[in-house]
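**Q** sequence and predicted structure, then a few things I'm wondering about:
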Amino acid sequence: MSEQVTYLETGSLDPHYNLAFEEYVLCNRREGEYLLLWQNDNTIVIGQNQNAEAEINRAFVEEHHINVVRRTTGGGAVYHDLGNLNYSFITDAGDSDQLDMERFTRPVVEALKALGLQAEASGRNDILVEGRKVSGTAQRIVKGRILHHGTLLFDANPSMVAGALRVDPEKFRSKSTKSVRSRIGNIRDFLQQDMNLPAFWTFLKEQLAGSGMVTGALMPQELEAVEALKHKKYDQWDWNFGRSPQYDMTNKRYWDGGCLEVRICVADGSIQDIVFYGDFLAVRPLDEVEAALRGCRFRREDVAWVLDRFPITAYFGGIRKEEILDTMFYITEANQ
């Protein structure tokens, strides 16, 4: 981070409000660097391109009164409780829309190392301590500004994490039958000297913001805009669950860049509607790609021509164009 960082808190445990607050700062505070630390109470946050119903254990969610809300970044579903601390960096994206996770994960890894932990960045977007996942991250770019945010499992309830999420067994095909509970870890369990979450919060704020930290706040009119965005977007069923219609053809493939699922309605040889799902690390919403494909002839070469008009990495993370085409045109027995 730069010499001066503005530190903000949402003052809320409501995930709908917190995500609206974060999005408002990203889209409207157009200069400077910002650090946000915040918490959600009892919530599943799903990635922008995920099918909500496929990611959650509906009966468990209803029994435990768990919030379900969609964020504007890619990646997979995560469970938040008050043992989890979220952080957000918002700053200039630089000259490229390419993903640069290391730019933002490095300060977090260094902060954990300062506590004596064996922390490292791993895979597409994880931070591990002694081989256990303690953080997942994602990014989004809007008009030259980048949001990088992540979770930090400090003292979360592992049984709630395991119960709330419906884990796709394919994600563990190379890991035998290991459960979500066995893959994650709590930072507190690895500390050489115990501390509570408020102390960890203070430590992390000082480590990430540095000596140039300035405590800021949103103006009253900005807070009104946050409330309006919460009501218009994050409180709405259409945003959180609405991207789950029925389609004529469904296919799912697993690539190094993540899971990609496509649902397509085809009539008279053309794509009438199409939705992509997955935990790939997009930094831009897929609406433009999906809109461009509607009306396109359902042929590999025609779809490839449309995809060539877009920077694939920005929309599909590490999934390549040929892998998108293979997913769309891979016919299984279930699709015949």
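**A** That came in fine, so what should we check first?

**Q** which elements pack onto the host helix or strand of E110?
**A** In this assignment (DSSP states H and E), E110 forms part of helix 102-114. With contacts defined as 3 or more CB pairs under 8 Å, 6 or more residues apart in numbering; DSSP states H and E, helix 102-114 has these neighbours: strand 119-122, strand 126-129, strand 132-142, strand 145-153, helix 197-209. Placement of C-beta: from N, CA and C, glycine included.

**Q** point out the most buried one among these.
**A** strand 145-153 (a mean of 24; mean count of other CB atoms under 10 Å).

**Q** got the angle between that strand and strand 132-142?
**A** Orientation check (axes from the mean of the first three to the mean of the last three CA atoms, to 10 degrees): strand 145-153 against strand 132-142 gives 160 degrees.

**Q** ok, strand 145-153: who's next to it in the sheet?
**A** strand 84-92 (antiparallel), strand 132-142 (antiparallel) (DSSP bridges).

**Q** quick one, domains of this protein?
**A** 5-240, 249-335 (automatic domain parsing).

**Q** now tabulate the ones you listed in a markdown table and tack on mean pLDDT.
**A** Output for these, formatted as a markdown table (pLDDT from 0 to 100):
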| stretch | mean pLDDT |
| --- | --- |
| domain 5-240 | 89 |
| domain 249-335 | 89 |
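
**Q** what's around E222, how many residues?
**A** Neighbour count for E222, taken as other CB atoms under 10 Å: 15.

**Q** next one: the helix or strand containing it to chain centre, how far?
**A** E222 is part of helix 220-229 when elements are defined by DSSP H and E. Remark: helix 220-229 is offset 23 Å from the chain centroid, using CA atoms, centre = their mean, to the nearest Å.

**Q** name the helices or strands packed onto the next helix or strand along the chain from it?
**A** For helix 220-229, the succeeding helix or strand toward the C-terminus, using DSSP H and E, is helix 237-240. When contacts are defined as 3+ CB pairs under 8 Å, 6+ apart, helix 237-240 sits against strand 67-70.

**Q** so what's the gap between the next helix or strand after the strand it packs on and the chain middle?
**A** Counting by DSSP H and E, the next helix or strand C-terminal to strand 67-70 is strand 78-80. Distance, stretch centre to chain centre, for strand 78-80: 10 Å (CA atoms, centre = their mean).
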